[in-house]
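> Make a model of this:
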Amino acid sequence: MQAALERHGVERHDPPAGARFDPSLHEAMFTAPLSDGAAPGTVSSVFRPGYTLHGSHILRAAQVGVFVGEAQQQPPPDADAEGEGEAAAAAAAAAATGRTASAPLVRPGAISRRRTAARPPRRRPPRPPPSPPTRRPRRPC
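Residues are numbered from 1 along each chain as shown. The predicted structure is shown next:
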């Protein structure tokens, strides 16, 4: 089956672990906390591979897990043992990227393209009552 699809230009897109998350190619199915050596906003694992047509048209986005969280930074050497250096490093990193320390790296819309809340039922105005039948006047004979 795969060989037949490749003959017609369908290519399998299976991103490697550690690749940068791209919302145009990937669909984030879940988030994972950072592990050693991982960068935030990168692919942690592939749930389902994606497919492209001739390498440019997305047929199905690859469903992946994404690492989220702040990258661990080394505290400055003059920081005291109470952890103020870590807070200063996180504030400096947030100022450098232009976002708050709690803001995610992945766009909120990229996590799931499905609508999460159900729409309320559409209310239509009530129908007017039917008009009474009209009688035509009798024609004299």
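> which sections of the chain are below the confidence cut-off?
Scanning the chain for pLDDT under 70 picks out the ranges 70-119.
> Tell me which stretches of this protein form helices.
All helices of the chain, identified by DSSP state H, fall at 2-7, 84-97, 108-111.
> Residues contacting stretch 37-49, please?
The set of residues external to stretch 37-49 that reach it, using CB atoms under 8 Å, 6 or more residues apart in numbering, is 12-21, 26, 29-30, 32, 34-35, 60, 62-71, 105-106. In this view, the C-beta of every residue, glycine as well, is placed from N, C-alpha and C.
> what about that stretch, how long is it end to end?
Taking CA to CA, to the nearest Å, stretch 37-49 runs 24 Å from one end to the other.
> got the buried residues for it?
By neighbour count on 16 or more other CB atoms under 10 Å, the buried set for stretch 37-49 is 38, 40-44, 46.
> With stretch 25-35 instead?
So for stretch 25-35, counting by 16+ other CB under 10 Å, buried means 25-29, 31, 34.
> I'd like the C-alpha coordinates of it written as CSV, please.
Output of stretch 25-35 as CSV, limited to C-alpha atoms (Å, rounded to 0.1, in the frame of the first residue of the first chain):
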residue,chain,number,x,y,z
LEU,A,25,3.1,20.1,10.0
HIS,A,26,2.3,18.8,13.4
GLU,A,27,-0.8,18.5,15.6
ALA,A,28,0.0,18.5,19.3
MET,A,29,-1.9,15.6,21.0
PHE,A,30,-0.4,16.0,24.5
THR,A,31,2.2,17.9,26.4
ALA,A,32,5.1,16.3,28.4
PRO,A,33,7.3,17.9,31.1
LEU,A,34,10.9,18.6,30.1
SER,A,35,13.4,15.9,30.5
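> which stretches of the chain form strands?
Along the chain, counting by DSSP state E, strands occupy 10-13, 26-33, 43-48, 50-53, 57-60, 62-68.
> Now do the second one and strand 62-68, the angle between them.
The one in question is strand 26-33. Comparing the axes of strand 26-33 and strand 62-68 via axes from the mean of the first three to the mean of the last three CA atoms, to 10 degrees yields an angle of 30 degrees.
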